[in-house]
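Colleague: the sequence and its predicted three-dimensional model are supplied below.
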Amino acid sequence: MISKKRFDDMVEAVTRGIAQRTSRRSFLARLGGVVGGAVLLPLLPVDRRIGGGSTAHAIGREGWLPQVIDESQCNYWRHCALDGQICSCCGGGLTSCPPGTTLSPSSWVASCINPEDGQSYLIAYRDCCGKTICPRCSCYNTEGVLPMYRPEFSSDIVWCFGAEHSTYHCTVQPIVGKS
(Lines give C-alpha, C1' and ligand atoms only; values in the text may rest on other atoms or scores of the structure.)
Protein backbone atom coordinates (compact mmCIF):
# COMPACT_ATOMS: atom_id res chain seq x y z
CA MET A 1 0.00 0.00 0.00
CA ILE A 2 1.28 3.44 -0.95
CA SER A 3 1.60 5.96 1.84
CA LYS A 4 -0.10 9.33 1.56
CA LYS A 5 3.23 11.15 1.41
CA ARG A 6 4.54 8.93 -1.39
CA PHE A 7 1.28 9.28 -3.35
CA ASP A 8 1.38 13.07 -2.97
CA ASP A 9 5.00 13.11 -4.14
CA MET A 10 4.10 11.02 -7.22
CA VAL A 11 1.17 13.25 -8.16
CA GLU A 12 3.32 16.36 -7.67
CA ALA A 13 6.13 14.95 -9.83
CA VAL A 14 3.71 14.04 -12.63
CA THR A 15 1.93 17.40 -12.61
CA ARG A 16 5.23 19.32 -12.51
CA GLY A 17 6.53 17.26 -15.44
CA ILE A 18 3.40 17.99 -17.46
CA ALA A 19 3.57 21.68 -16.53
CA GLN A 20 7.18 21.91 -17.72
CA ARG A 21 6.45 20.25 -21.09
CA THR A 22 3.14 21.93 -21.99
CA SER A 23 1.57 25.36 -21.91
CA ARG A 24 -1.80 26.16 -20.35
CA ARG A 25 -3.24 26.93 -23.78
CA SER A 26 -2.30 23.56 -25.24
CA PHE A 27 -3.64 21.81 -22.14
CA LEU A 28 -6.95 23.69 -22.39
CA ALA A 29 -7.13 22.97 -26.14
CA ARG A 30 -6.68 19.23 -25.56
CA LEU A 31 -9.14 19.25 -22.68
CA GLY A 32 -11.67 21.08 -24.87
CA GLY A 33 -11.17 18.49 -27.63
CA VAL A 34 -11.79 15.63 -25.22
CA VAL A 35 -14.90 17.27 -23.75
CA GLY A 36 -16.23 18.20 -27.21
CA GLY A 37 -15.63 14.68 -28.49
CA ALA A 38 -17.40 13.19 -25.48
CA VAL A 39 -20.43 15.43 -26.12
CA LEU A 40 -20.62 14.38 -29.79
CA LEU A 41 -20.17 10.65 -29.11
CA PRO A 42 -23.93 9.90 -28.71
CA LEU A 43 -24.54 11.31 -32.22
CA LEU A 44 -22.49 8.59 -33.92
CA PRO A 45 -24.55 5.98 -35.78
CA VAL A 46 -25.04 2.70 -33.96
CA ASP A 47 -25.81 -0.67 -35.52
CA ARG A 48 -28.91 -1.73 -33.60
CA ARG A 49 -29.60 -4.95 -35.49
CA ILE A 50 -29.97 -8.01 -33.31
CA GLY A 51 -26.78 -10.01 -33.61
CA GLY A 52 -24.84 -7.00 -34.90
CA GLY A 53 -23.22 -8.86 -37.78
CA SER A 54 -26.32 -10.26 -39.46
CA THR A 55 -26.76 -9.55 -43.14
CA ALA A 56 -29.94 -8.09 -44.57
CA HIS A 57 -32.28 -10.55 -46.24
CA ALA A 58 -33.58 -9.96 -49.73
CA ILE A 59 -37.16 -9.68 -48.47
CA GLY A 60 -36.70 -7.63 -45.32
CA ARG A 61 -35.59 -8.00 -41.75
CA GLU A 62 -35.28 -11.30 -39.89
CA GLY A 63 -38.65 -12.89 -39.15
CA TRP A 64 -40.67 -10.39 -41.20
CA LEU A 65 -42.07 -11.72 -44.47
CA PRO A 66 -43.85 -9.08 -46.53
CA GLN A 67 -46.96 -9.95 -48.53
CA VAL A 68 -48.69 -8.25 -51.47
CA ILE A 69 -52.34 -9.25 -50.97
CA ASP A 70 -53.87 -7.48 -47.95
CA GLU A 71 -52.84 -3.81 -47.61
CA SER A 72 -54.67 -3.53 -44.27
CA GLN A 73 -52.17 -5.92 -42.63
CA CYS A 74 -48.96 -4.70 -41.00
CA ASN A 75 -46.81 -7.08 -43.06
CA TYR A 76 -47.95 -5.59 -46.39
CA TRP A 77 -44.72 -4.81 -48.26
CA ARG A 78 -45.21 -1.01 -48.43
CA HIS A 79 -45.49 -0.88 -44.61
CA CYS A 80 -41.83 -1.88 -44.09
CA ALA A 81 -41.07 1.41 -42.28
CA LEU A 82 -44.56 2.45 -41.18
CA ASP A 83 -44.78 3.63 -37.59
CA GLY A 84 -48.41 4.54 -37.05
CA GLN A 85 -51.88 3.73 -38.35
CA ILE A 86 -52.68 2.19 -41.75
CA CYS A 87 -55.09 4.44 -43.68
CA SER A 88 -56.57 1.44 -45.53
CA CYS A 89 -58.25 0.46 -42.24
CA CYS A 90 -59.56 3.96 -41.60
CA GLY A 91 -61.52 4.73 -44.78
CA GLY A 92 -58.59 5.74 -46.96
CA GLY A 93 -56.16 3.83 -49.14
CA LEU A 94 -52.47 3.40 -49.89
CA THR A 95 -52.34 6.82 -51.53
CA SER A 96 -55.53 8.58 -50.36
CA CYS A 97 -56.49 10.04 -47.01
CA PRO A 98 -59.83 9.20 -45.36
CA PRO A 99 -62.66 11.76 -45.71
CA GLY A 100 -62.31 14.65 -43.26
CA THR A 101 -58.51 14.55 -43.19
CA THR A 102 -55.86 16.39 -45.20
CA LEU A 103 -52.54 15.16 -46.51
CA SER A 104 -49.44 16.52 -44.79
CA PRO A 105 -47.11 18.46 -47.10
CA SER A 106 -44.07 16.72 -45.60
CA SER A 107 -43.03 13.07 -45.41
CA TRP A 108 -40.38 10.58 -44.38
CA VAL A 109 -38.97 8.08 -46.84
CA ALA A 110 -37.85 4.46 -46.80
CA SER A 111 -36.90 1.82 -49.33
CA CYS A 112 -39.10 -1.30 -49.33
CA ILE A 113 -38.68 -4.47 -51.38
CA ASN A 114 -41.72 -5.74 -53.28
CA PRO A 115 -41.67 -9.56 -52.94
CA GLU A 116 -43.52 -9.99 -56.27
CA ASP A 117 -40.80 -8.54 -58.47
CA GLY A 118 -37.86 -8.39 -56.01
CA GLN A 119 -37.38 -4.68 -56.78
CA SER A 120 -36.71 -2.02 -54.16
CA TYR A 121 -39.07 0.98 -54.20
CA LEU A 122 -38.79 4.35 -52.49
CA ILE A 123 -41.91 4.95 -50.37
CA ALA A 124 -42.87 8.45 -49.17
CA TYR A 125 -44.82 7.99 -45.94
CA ARG A 126 -47.21 10.93 -45.52
CA ASP A 127 -49.50 11.53 -42.57
CA CYS A 128 -53.19 12.30 -42.92
CA CYS A 129 -54.12 15.00 -40.43
CA GLY A 130 -57.23 16.62 -39.01
CA LYS A 131 -59.02 13.89 -37.02
CA THR A 132 -58.07 12.05 -33.87
CA ILE A 133 -55.90 8.96 -34.30
CA CYS A 134 -57.52 5.98 -36.03
CA PRO A 135 -57.38 3.10 -33.52
CA ARG A 136 -58.00 0.22 -35.94
CA CYS A 137 -54.70 -0.87 -37.52
CA SER A 138 -51.54 0.06 -35.64
CA CYS A 139 -48.31 -0.86 -37.34
CA TYR A 140 -44.87 -0.31 -35.85
CA ASN A 141 -42.31 -1.44 -38.42
CA THR A 142 -38.96 0.32 -38.28
CA GLU A 143 -37.00 -1.19 -41.18
CA GLY A 144 -34.49 1.39 -42.39
CA VAL A 145 -35.58 4.10 -39.97
CA LEU A 146 -32.73 6.24 -38.69
CA PRO A 147 -32.45 8.23 -35.45
CA MET A 148 -33.92 11.70 -35.00
CA TYR A 149 -30.80 13.52 -36.23
CA ARG A 150 -31.76 12.35 -39.76
CA PRO A 151 -35.40 13.56 -39.68
CA GLU A 152 -36.11 12.77 -43.32
CA PHE A 153 -35.75 9.05 -42.45
CA SER A 154 -37.43 9.15 -39.03
CA SER A 155 -40.91 7.83 -38.41
CA ASP A 156 -40.95 9.04 -34.80
CA ILE A 157 -41.99 12.55 -35.80
CA VAL A 158 -45.64 13.51 -36.30
CA TRP A 159 -45.39 14.88 -39.84
CA CYS A 160 -48.56 17.02 -39.66
CA PHE A 161 -46.65 20.30 -39.34
CA GLY A 162 -47.56 22.51 -42.27
CA ALA A 163 -51.00 20.89 -42.61
CA GLU A 164 -54.23 22.75 -41.84
CA HIS A 165 -54.70 20.69 -38.65
CA SER A 166 -51.83 19.16 -36.70
CA THR A 167 -53.76 16.18 -35.27
CA TYR A 168 -52.42 12.84 -36.59
CA HIS A 169 -54.94 10.31 -37.99
CA CYS A 170 -53.16 7.74 -40.20
CA THR A 171 -50.39 7.33 -42.82
CA VAL A 172 -50.47 6.72 -46.58
CA GLN A 173 -47.62 5.11 -48.55
CA PRO A 174 -47.31 6.30 -52.17
CA ILE A 175 -44.45 4.91 -54.27
CA VAL A 176 -42.03 7.62 -55.36
CA GLY A 177 -40.02 5.38 -57.70
CA LYS A 178 -37.50 2.56 -57.80
CA SER A 179 -34.59 2.89 -55.43
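Modeller: Sure, I can see it.

Colleague: contacting residues for the nearest residue in space to residue 103 that is not next to it in sequence?
Modeller: Among residues not flanking residue 103 along the chain, residue 97 sits closest, at 5.2 Å (C-beta to C-beta, 6 or more residues apart in numbering). Backbone N, C-alpha and C define where each C-beta goes, glycine included. Residues in contact with residue 97 (C-beta atoms under 8 Å, 6 or more residues apart in numbering) are 87, 103, 128, 169-170, 172.

Colleague: check the gap between residue 97 and residue 33 for me.
Modeller: Look at residue 97 and residue 33: by C-beta to C-beta, to the nearest Å, they are 50 Å apart.

Colleague: and of the contacts of residue 97, the nearest to residue 162?
Modeller: Set against residue 162, the nearest of the contacts of residue 97 by C-beta to C-beta is residue 103 (10.4 Å).

Colleague: look up how far residue 127 lies from the closest one.
Modeller: Distance of residue 103 to residue 127, computed by C-beta to C-beta: 8 Å.

Colleague: what's the overlap in contacts for the two?
Modeller: Common neighbours of residue 103 and residue 127, using C-beta under 8 Å, 6+ apart, are residue 163.

Colleague: now for the strand ranked longest in the chain, which elements pack on it?
Modeller: For the chain, the strand with the greatest residue count under DSSP state E is strand 120-129. Applying 3 or more C-beta pairs under 8 Å, 6 or more residues apart in numbering; DSSP states H and E, one finds that strand 120-129 contacts strand 102-103, strand 108-113, strand 168-172, strand 175-178.

Colleague: comparing those, which yields the minimum mean pLDDT?
Modeller: Of all the helices and strands packed on strand 120-129, the minimum mean pLDDT falls on strand 108-113 (a mean of 84).

Colleague: rewinding a little: can you put the contacts of residue 97 in TSV and add distance to residue 40 and neighbour count?
Modeller: Putting those into TSV (distance: C-beta to C-beta, whole Å; neighbours: other C-beta atoms under 10 Å) gives the following:
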residue	distance to residue 40	neighbour count
87	39	29
103	37	19
128	37	29
169	37	25
170	37	27
172	36	26
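
Colleague: let me know the closest of the residues you listed to residue 80.
Modeller: Checking these against residue 80 by C-beta to C-beta gives residue 172 as the nearest, at 14.5 Å.

Colleague: who's in contact with residue 91?
Modeller: Residue 91 makes contacts with 98-99, as judged by C-beta under 8 Å, 6+ apart.

Colleague: go on, the one 3 residues further on?
Modeller: The neighbourhood of residue 94, defined by C-beta under 8 Å, 6+ apart, consists of 71, 78, 87-88, 172-174.

Colleague: can you tell me the SS state at residue 15?
Modeller: Under DSSP: H, G, I helix; E, B strand; the rest coil, residue 15 falls in the helix class.
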